[in-house]
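Participant: Pasting the sequence and the predicted model now:
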Amino acid sequence: MEVLKVSSHSSPNSVAGAIAGVVREKKMVEVQAVGAGAANQAVKAIAIARGYLAPIGVDLICIPAFANIQIDGEERTAIKLICEER
C-alpha cells in the first residue's frame, strides 16, 4: 500500500490530489500524520479528496489507526488514515 506523509505545512489541496490519484490507480492509500497540525491537514485533504472522487462514483472512506514510526532514530506515534473505496 502506498503511504503519503503529511506535515503541518502540507497543502490540503495538493495532498487531496495525491490521495485521489492513488485511489483511482490502486484503490487505497495510507495517509500518515505526526502531530495535531499534520493530522488537521490530513483530515482536510481527505475531505477535499472525497469531493474530487465523488463525480466519478467513488465513495472514499477513511479508517483511522495508530502507527509507530521512526523519525531521526526516535520512535513516534503517528495517526494512520487508511483511505479506500467503498
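Facilitator: On my side now, so go ahead. Numbering: from 1, shown residues only.
Participant: What are the boundaries of the strands in the protein?
Facilitator: 3-6, 28-33, 60-71, 74-85 (DSSP state E).
Participant: In TSV: those, plus distance to residue 21 and mean pLDDT.
Facilitator: Just so you know, the C-beta spots here come from the backbone N, C-alpha and C atoms, and that holds for glycine as well. As requested, the strands of the chain are exported to TSV (distance: least, Cβ to Cβ, whole Å; pLDDT from 0 to 100):
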stretch	distance to residue 21	mean pLDDT
strand 3-6	10	96
strand 28-33	9	97
strand 60-71	12	95
strand 74-85	12	96
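Participant: Can I get stretch 39-58 in CSV? Just the C-alpha atoms.
Facilitator: Provided in CSV are the C-alpha atoms of stretch 39-58 (Å, rounded to 0.1, in the frame of the first residue of the first chain):
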residue,chain,number,x,y,z
ALA,A,39,-3.5,15.5,11.5
ASN,A,40,-5.6,18.6,10.8
GLN,A,41,-4.1,19.0,7.3
ALA,A,42,-4.6,15.3,6.6
VAL,A,43,-8.2,15.3,7.5
LYS,A,44,-8.9,18.4,5.5
ALA,A,45,-7.1,16.7,2.5
ILE,A,46,-9.3,13.6,2.8
ALA,A,47,-12.5,15.7,2.9
ILE,A,48,-11.3,17.5,-0.3
ALA,A,49,-10.4,14.2,-2.0
ARG,A,50,-13.9,12.9,-1.4
GLY,A,51,-15.1,15.8,-3.4
TYR,A,52,-12.6,15.1,-6.2
LEU,A,53,-13.7,11.4,-6.4
ALA,A,54,-17.4,11.7,-5.9
PRO,A,55,-18.2,12.8,-9.5
ILE,A,56,-16.6,9.6,-10.9
GLY,A,57,-18.7,7.4,-8.5
VAL,A,58,-16.1,6.7,-5.9
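Participant: so residue 45 makes contact with residue 6?
Facilitator: Yes. Using Cβ atoms under 8 Å, residue 45 is in contact with residue 6, at 6.7 Å.
Participant: what is in contact with these two at once?
Facilitator: 15, 31 (Cβ atoms under 8 Å, 6 or more residues apart in numbering).
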